[in-house]
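Visitor: Model the structure of this input:
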Amino acid sequence: MYLFFYGESQFLLERKLNELKHKYLNKAGGNLNLITLDGESISAEDFLTQAQIVPLLASSRLIVVKNIFKCRRKNALDTIKNFLPKIPPSTIVVFTHIGKIDKRLGLYRALIGSKNAHRFEIMDTSAQKVFARREIEKRGAAIDPKALELLVDYCQGDMFALSHEIEKLSLYCQGGTITADDVELLVSQAVSADIFILIDKISGGDKRGALLELKKLYQNGEPGLRILAMINYQYRLIAQVKEVQEKTANPFQASKLAGLSYFQVKKTFEVARRISWPELFKVYSHLVSFDEGIKTGKIDEEEGIKELVLVL
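Guide: All right, here's what the predicted structure looks like:
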């Protein structure tokens, strides 16, 4: 028997593969008959040898061939394709591949034609929110809408990061409801503070200081898209605070009117007072333009964010 796991989402593919391995190990009682082969270095002999070995002290063997189509030996792929019908009943082979595949290859056509071919696509933002909510509920917790949006924004499509943060937040809330404050506190507290310093420099006209703060973020390993998302988020906060400043000059009262935490309002209060509505509209126009350009590949990510910092 053979399975084919493929697609663009490494997270979802590996998640499914790990579930399969876990079930197999529980049934087999150990990893003696669990074999992993690397598609990039695999030879026809490697595969044939492993596929024909009789299970030792178990009823079956599980062979995982990772990234099979990274193999550049076309004759090896052809040999594996021809052997598919001869795989012993006691052996389960899982072929995996992340990314693009040459659809002209005979092995690909044979695998894709199987009822056991499973595609794992990258989740869009809506699907990420559904995924996050379900995973949090599985852990006995809940999350409010603002916190969910912020969490997905922070992780910027990195499903491994999202899964890690879900685990951390669920443990922290211990069956309660995760709030935006919790996300700010636990997910990117240090980075959030650095982003705010960056925006404070921008709003104060200190372009050199803003570029130095941006450089620090990159040096600390922050991905460009996450920096962009957090700049967007901070300016949304500033707009919300500025709107309520027209009704009150008291940060505590403003937090109630805006539906934000006192911490969020206090942090952004002075910047919101400093920036005018025309300036804020100009900022939003630049954010939308650069966000679209960077995410569609029309603008280089790192250079685009540097340019964005200079024009804000």
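Visitor: Ala229: neighbour count?
Guide: 21 (other C-beta atoms under 10 Å). No exception for glycine: its C-beta is placed from N, CA and C like everyone else's.
Visitor: any idea which helix or strand carries it?
Guide: Assessed by DSSP states H and E, Ala229 sits inside helix 224-245.
Visitor: Which elements pack onto the helix or strand just after that helix?
Guide: Moving toward the C-terminus from helix 224-245, the next helix or strand (DSSP H and E) is helix 251-258. Contacting helix 251-258 under the criterion 3 or more C-beta pairs under 8 Å, 6 or more residues apart in numbering; DSSP states H and E are the following elements: helix 224-245, helix 262-274.
Visitor: shouldn't Tyr181 be in contact with Tyr262?
Guide: No Tyr there; residue 181 is Asp. No - with contacts counted by C-beta atoms under 8 Å, Asp181 stays clear of Tyr262, the gap being 9.4 Å.
Visitor: neighbouring contacts of the helix or strand harbouring Leu212?
Guide: Assigned by DSSP H and E, Leu212 falls within helix 207-219. The contact list for helix 207-219 (C-beta atoms under 8 Å, 6 or more residues apart in numbering) reads 191, 194-195, 197-198, 201-202, 224, 227, 302, 305-306, 309-310.
Visitor: List the residues that contact the residue most central in space within the chain.
Guide: Nearest residue to the geometric centre of the chain (C-alpha atoms, centre = their mean): Asp158, 1.2 Å. Counting by C-beta under 8 Å, 6+ apart, Asp158 touches 223, 226.
Visitor: start at 54 instead
Guide: Fine by me, first position is 54 from now on; the one you just mentioned is Asp211.
Visitor: Please tell me how far it sits from Lys199.
Guide: 20 Å (C-beta to C-beta, to the nearest Å).
Visitor: just Ile219 next, same as before
Guide: Ile219 is 16 Å from Lys199, by C-beta to C-beta.
Visitor: Adjacent strands (with direction) for the longest strand along the chain?
Guide: Counting residues, the longest strand in the chain under DSSP state E turns out to be strand 144-151. Note on strand 144-151: by DSSP bridges, its sheet partners are strand 55-60 (parallel), strand 114-119 (parallel).
Visitor: Please pull up the helix or strand immediately following the last one.
Guide: Going down the chain from strand 114-119, the next helix or strand is helix 127-136, by DSSP H and E.
Visitor: Next, the angle from that following helix to strand 114-119.
Guide: If you take axes from the mean of the first three to the mean of the last three C-alpha atoms, to 10 degrees, helix 127-136 sits at 150 degrees to strand 114-119.
Visitor: Nearest spatial neighbour of Ile106, chain-adjacent residues omitted?
Guide: Residue nearest to Ile106 in three dimensions, not counting chain neighbours: Arg114, with 6.7 Å by C-beta to C-beta, 6 or more residues apart in numbering.
Visitor: List the residues that contact that neighbour.
Guide: 86-88, 106, 108, 143-145.
Visitor: hmm, which of those are the buried ones?
Guide: Neighbour-count burial (16 or more other C-beta atoms under 10 Å) applied to these gives 86, 88, 144-145.
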